[in-house]
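Q: following is a predicted model, sequence given first.
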Amino acid sequence: MSDAVLSARTALVTGASSGIGWETARLLAGRGATVLVHARTTAEAEAAVERLVAAGARRDQLVELAADFTKLSEVAVLAGTVVEHYPSLDLLVNNAAATAPERCTLTDDGNEVSLQVNFLAAHLLSKLLRAPLSAAGDARIVNVSSSLHRTASMNWSDPHRVKKYSRVAAYAQSQLALTMATADMAPAGSGVTAVSVNPGPCDTALLPLYGRVGAPAAEGAAAVVRLCLPGTVVANGAYFDGEVIAPPAPVTREERSLKRLAKLADQLVGRAA
């Protein structure tokens, strides 16, 4: 496959300032894509772009974007910027992720921080970017999930886990929610396909949650980018362990739970939607 297979495509990669997100941006740019490089702050986005150029990416392929995902209003502004300047968006890689703190921490929006950064921001982006994604004709959403989603359960009565908090349980729940919501991010007739992928434990800021040695971030990113390539055939809602399609947690196929999650997510993003 040509190195320039993505030369006519535009990709938004969230959390692209380091780790798997930065490596994903680098690999997509290497395939010719125009990459919207998202980071928490403008300074972090600019630094990430500088490192990408130093690594061989063309400067005119890269656009820095900043939004703090602990503030849903900034997620909405980010989406508005993309809609304004990119009426057609081919790829949305929801990679941004935060570890859950030692103590339960709520954002100004009232959501547990890892639930908001890891899931609600992606949920909101997929809704607000529906028009440019649909306009692309064969767009893809790739959600970077985790094998820990299989250990999780949704705490429907206390989704922010205020009453009984565990940082591992909170993080795992955020990844379960992201995996469960994947198919719903690309409704029938939208022209979009959404998949989720566990890139495996990588040597990133999230590694302490796994408690083991991690592979290079570029290795995890390669699994993500493979799902972005037009030559990779995917089905909506599919879940991958690395490059292999795999069964997700059974709850991700329970229609009642999926509807319940969609309703909850819409409530939690509130006015930002």
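A: It's in. These figures come from a predicted structure and were not determined experimentally.
Q: what about stretch 148-165, average pLDDT?
A: Averaging pLDDT along stretch 148-165 gives 92.
Q: buried sites along it?
A: Residues of stretch 148-165 classed as buried by neighbour count (16 or more other CB atoms under 10 Å): 148-150, 152, 155, 159-161, 165. Any C-beta I mention is one placed from the backbone N, CA and C, and that applies to glycine too.
Q: tell me what the helix or strand encompassing P132 is packed against?
A: Taking DSSP states H and E as the definition, P132 sits inside helix 130-136. With contacts taken as 3 or more CB pairs under 8 Å, 6 or more residues apart in numbering; DSSP states H and E, helix 130-136 sits against helix 72-85, strand 192-198.
Q: if we can go back for a sec, pull the most distant pair out of the buried residues of stretch 148-165.
A: Taking CB to CB, the two most distant members of those are R150 and H160; they sit 21.6 Å apart.
Q: what about P230, neighbour count?
A: Other residues within reach of P230, judged by other CB atoms under 10 Å, total 12.
Q: and the nearest residue to it once chain neighbours are set aside, which of the three is it?
A: Once flanking residues are discounted, P230 sits nearest to V5: 6.7 Å by CB to CB, 6 or more residues apart in numbering. Put simply, V5 is coil when judged by DSSP: H, G, I helix; E, B strand; the rest coil.
Q: swap in V37?
A: strand.
Q: ok, G15 next?
A: Under three-state DSSP, the three-state class of G15 is coil.
Q: surely it and T24 touch.
A: No: using CB atoms under 8 Å, G15 is not in contact with T24; the gap is 9.2 Å.
Q: which one of these two is surrounded by more residues?
A: For G15 versus T24, neighbours defined as other CB under 10 Å are more numerous around T24 (32 against 28).
Q: contacting residues around that one?
A: T24 is in contact with 13, 16, 93, 95, 221, 224-225, counting by CB atoms under 8 Å, 6 or more residues apart in numbering.
Q: could I get these as TSV with neighbour count, pLDDT and secondary structure?
A: Listed next are the contacts of T24 as TSV, based on neighbours: other CB atoms under 10 Å; pLDDT from 0 to 100; DSSP: H, G, I helix; E, B strand; the rest coil:
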residue	neighbour count	pLDDT	secondary structure
V13	36	98	strand
A16	32	97	coil
V93	31	98	strand
N95	28	97	coil
A221	26	93	helix
V224	24	96	helix
V225	26	96	helix
